[in-house]
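Visitor: sequence unknown, structure follows:
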């Protein structure tokens, strides 16, 4: 397969410059670096299709080997549009970062650094736990009594609330009746 | 069996509803299902006993040889008696156990219930991998059940510990399963066992996939899983820890069912692999040690549940030890012992649960005289413990006789030295372990039920007693010879029913072991010759004499418990296994923090530097050290146009490095992009050229719009410090290295092509199958439809991301175009007409197109005159419709000629961009009354519907059809449905472009205007403030001067 030195050179330069820019601290340059890397990679894939032939528009009279390879072209087409979306998203990020902090720089992540200074003591793992010699709080006699008292309270309170609602309903109807009467 | 599992699943789903209706009584309802399942299984008894396993088979993943096969042979049948029977009894018991507690147990009920199903699946699954899945499900459920009391630290910790240990074992086992399964060529347990002896013989002869050592490793790994699940030393410690679970869980999971899974697997695999040396050795060593160790530790526990837990550890060691020989006799004894153990151990745990529930403690130093308070419970405890101790006429005794008979006989017939040693160890461990078992069984009964001396009781003044006539004075209480009875609530019939049933079964098994013999012998019929027969009385034989000896020594051990306890407390103890485990975990934690601290520096540059230098160094080494392909066919010059473009691109890329001005850098990157478009055009890729050109233009617009608020210059890093300079040189080295590597990689890769590209077939296929002549488009919308669908989803996401980064509060894109009626325009016109500081040109611009008969690009009038460009507005009028028409053409023609949804959509985006640039945000909204969100959604929906529609016709997703019909004017019309997909793409790309222009255009316009207003207000305020200050100062000086004047006047006077 023929290799065109011109394309190889362009690709190499774009990869080199792209990597250099990606390692920068300025967000704009990182984004530009990514764009160059995308272009370089598109070129790599495109070039992998082999030497240029005829445009891949089917014609019965043309032999299959005479076309430019359509498969890498389809892959690169997808990649071009995706790179537009990624660029737009990065622009949004740069803009938002600028609005929030008036900075265009990627700062070190303080949370990451905190990990190194984390103490090895973990309360869930290192607190001495007492072993229990029972699952229950106290004996059954007491618990049953308490349970019954609670149940009764719950029942009576619901009964009482029923009574209250009934009384209120009665009162209101009485008032309405009085009004009508008046 | 599948029916049973499905029924379990359905009921499990309904558990929340049942619990809402029944509360604690849910357990009664849940207990019905395992009971029913048990009856169903029992109806199959005769078939299974006749040696015809009950098999149900479903294809699952045929490509991986995975089948959902459920197979119930006698062993599974015996296990399912335990799983379903004990499960049902335990669930029944739970109602009473959880009565009078106010916390919710709905989740607990569901977990316990589903555990029953998982266990049933485990014992019936024939596929080893399916069995493994059930195995892991039981592990997870065990975790949830142990951690039921999640507000207790000890429970949470024990749960996690159990999970970690058993999953680690499970993982090891999984590796073993894969090794064994691959070498045997099957994952069916039945097949694996049947082929086992042949496989082992093959491997030993050096034929199989595995070597002998590898087979040993595989078996050892499987044993690791089984032994960790069955809590053998040194992984036993999770089981005593698991006692933090509610007692029904301990009875079911940690005595009868789950821990038996390991033993079940041993018995299952033993006929196939028991003869491999590592199998027997591992089981003897760990089993023997665990049996003695567990018994010894159980002797010094004061918590009833821990006595049982260590007892269980010991018994599980015992069971593993019994299986170790692998002979039919050994399996016979092991099955009998497993049944007996499940019966008495479950009953004992349930007994402890009742004691704990009724008295509020399990500590033997706080319990006294319970036998008097609960005679039935005492009988249950006594009988079950006696069975555990191996006292006739109970199940434990009968089973232990079989064990002793097997191993004593083996010992007597042992010839070879090493076999003799193994047998000696086995018999010794069994005898010593059984003595200890007798001792701790007696200790259990005594600890739980006996009346103890007052001096034995702990904190006697805090214990509640049944009798009230005692003087509560601690000094007087301590002088009593016998402690009063601990307060013990009367036990309900329903509470004690389950342990009673289990105890009755223990007695029945002991008195009439014939049915059990029948079951086991029908299992062994297929495995080999055996000569055991379970019976209560075999006459005076060596086994019986040994039993007598064991009982005697056990009794002595129990009677001398006080000196033994003193001795146990005096000898130095090893660090507990759980402590060792926690130390290991601690070291792992520290290591993890250290590694993270070392690698996680928080600097993006650092990470990228590491990644990129790895990306440079490793492939370089591989490329040049391992094998360097020859470079071939490099052409220096073919097409001068290519060289020209290449040089422009290289220059532009290099300029970016030194560009200080932001827009210069952006422009130069754009130049490389346009260069790409040109290269595509030169090299016969029209679709790419069009798309790249459009994308580049739109990107440039987006760049300029988005970055206009940022300062003109990019801030460059100052290279003052030595550190920065080093960083800089590292960057340069990495960048150059990467560039060179990629060039080399490309050249070497392209040179090593030796076959025809697969795409040679594509042109013809595109035409004949895809019915399109534009091959690239056919690939996009038809051949690789999924790929494109994924891509447009990413586009939709990115568009939404952009919108949400700019419009923080929401898209706000509804009804946007309404505010452009004549009234609004008039307001703007009046405002601009009032301005006087305009040049003549700007005045003309301000008046432009304010005639009412011209409705197109009216929004230009909302811009201030100095921002308008007549030229641009006129151009837009000319261009807009043309662009839209061309885009539609690109869309429709795309299947056969260069173009397609992507190019078309981008062109529409460009048209909108032009509208925006000419007339501002209002113009954009007027241009597209449909908001971008609708475009995105519709596009995605159209694409998805297109993809799914062929399914209705029974075709695969993304099938495209060709429709042909004739129309009056147009003649024959051919329509390829893939165009619909392209329409979806088209709409979606429009949405993306619109979102980008709207966000970076109008939204930032608004923001800038706001900022300007704020700035102006601040300036005004500042001016006003200054004026006021000046005025104040003037006033102050004026006053002073008057004062001075006054004093002077006074002075004059």
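Guide: Received, thanks. The structure displayed is predicted, hence computed values, not measured ones.
Visitor: and residue 131, what does it touch?
Guide: By default, I'm working from chain A. By Cβ atoms under 8 Å, 6 or more residues apart in numbering or on different chains, residue A:131 lies in contact with B:154, B:303. In this view, the C-beta of every residue, glycine as well, is placed from N, C-alpha and C.
Visitor: that's the wrong chain, I meant chain B
Guide: When contacts are counted by Cβ under 8 Å, 6+ apart, residue B:131 is found next to B:121, B:122, B:125, B:189.
Visitor: kindly provide the distance from the most centrally placed residue in chain A to residue B:705.
Guide: Nearest to the mean C-alpha position of chain A, counting by Cα atoms, centre = their mean, stands residue A:89 at 14.2 Å. Relative to residue B:705, residue A:89 is positioned 15 Å away (Cβ to Cβ, to the nearest Å).
Visitor: count the neighbours of residue 5 for me.
Guide: If you meant another chain, say so; for now it's chain A. Burial measure for residue A:5: 17 neighbouring residues, criterion other Cβ atoms under 10 Å in any protein chain shown.
Visitor: please refer instead to chain B.
Guide: Around residue B:5 sit 20 other residues, with neighbours defined as other Cβ under 10 Å.
Visitor: so it makes contact with residue B:118?
Guide: No: with contact defined as Cβ atoms under 8 Å, residue B:5 does not reach residue B:118; the gap is 9.3 Å.
Visitor: all helices for chain A, in order.
Guide: With DSSP state H applied, chain A shows helices at A:5-22, A:27-48, A:70-101, A:110-116, A:123-126, A:140-181, listed in chain order.
Visitor: and the first one, what does it pack against?
Guide: In terms of contact count using 3 or more Cβ pairs under 8 Å, 6 or more residues apart in numbering or on different chains; DSSP states H and E, helix A:5-22 is assigned the packing partners helix A:27-48, helix B:640-658, helix B:662-682, helix B:722-751.
Visitor: interface residues of the stretch 51-200 of chain B facing chain A?
Guide: Residues of the stretch 51-200 of chain B that fall close to chain A, judged by Cβ under 8 Å from any Cβ of the partner chain: B:100, B:101, B:102, B:149, B:152, B:153, B:154, B:156, B:157.
Visitor: can you turn the buried part of those into a ChimeraX selection?
Guide: In ChimeraX, a selection of the buried entries from these looks like this (16 or more other Cβ atoms under 10 Å in any protein chain shown):
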select /B:100,149,152,153,154,156,157
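Visitor: circling back to that earlier point, which one among the contacts of residue B:131 gets closest to chain A?
Guide: Set against chain A, the nearest of those by Cβ to the nearest Cβ is residue B:122 (27.4 Å).
Visitor: am I right that that closest one is in a strand?
Guide: No: counting by DSSP: H, G, I helix; E, B strand; the rest coil, one finds residue B:122 to be helix, located in no strand.
Visitor: pLDDT wise, what is residue 73 at?
Guide: You didn't pick a chain, so chain A it is. At residue A:73, the pLDDT value in this model is 92.
Visitor: meant chain B actually
Guide: Listed pLDDT for residue B:73 reads 90.
Visitor: skipping adjacent residues, who's closest to it in space?
Guide: Using Cβ to Cβ, 6 or more residues apart in numbering or on different chains and skipping the chain neighbours, the partner closest in space to residue B:73 is residue B:53 (4.1 Å).
Visitor: now do residue B:649
Guide: Ranked by Cβ to Cβ, 6+ apart and with sequence neighbours excluded, the top spatial neighbour of residue B:649 is residue B:675, at 3.8 Å.
Visitor: run through the chain and note the low-pLDDT ranges.
Guide: No chain was given, so I picked chain A. For chain A, the stretches flagged by pLDDT under 70 are A:120, A:168-182.
Visitor: my question was about chain B, not that one.
Guide: Judged by pLDDT under 70, the stretches of chain B that qualify are B:65, B:102, B:468-472, B:474, B:478, B:637, B:716-719, B:810-824, B:845-861, B:1039-1053.
Visitor: how's chain B carved up into domains?
Guide: Domain assignment of chain B by automatic domain parsing yields the ranges B:347-571, B:581-626, B:775-1021.
Visitor: does the last one come close to chain A?
Guide: Yes: using Cβ under 8 Å from any Cβ, a contact is recorded between domain B:775-1021 and chain A, made by B:775-776, B:779-780, B:783-784, B:787-788, B:791, B:794-795, B:798-799, B:801-802, B:805-806, B:896-898, B:902, B:906, B:989, B:992, B:996, B:999-1000, B:1004, B:1007.
Visitor: so for that domain, first residue to last residue, what's the gap.
Guide: Domain B:775-1021 has an end-to-end distance of 66 Å (Cα to Cα, to the nearest Å).
Visitor: wait, what's in contact with the residue nearest the centre of chain B?
Guide: Nearest to the mean C-alpha position of chain B, by Cα atoms, centre = their mean, lies residue B:140 at 12.1 Å. Applying Cβ under 8 Å, 6+ apart, one finds that residue B:140 lies in contact with residue B:163.
Visitor: then residue B:305?
Guide: Applying Cβ under 8 Å, 6+ apart, we find residue B:305 in contact with B:243, B:247, B:250, B:349, B:352, B:356, B:362.
Visitor: can you list the residues you listed in CSV and add distance to residue A:100?
Guide: Below are these laid out as CSV (distance: Cβ to Cβ, whole Å):
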residue, distance to residue A:100
B:243, 54
B:247, 57
B:250, 56
B:349, 61
B:352, 62
B:356, 59
B:362, 60
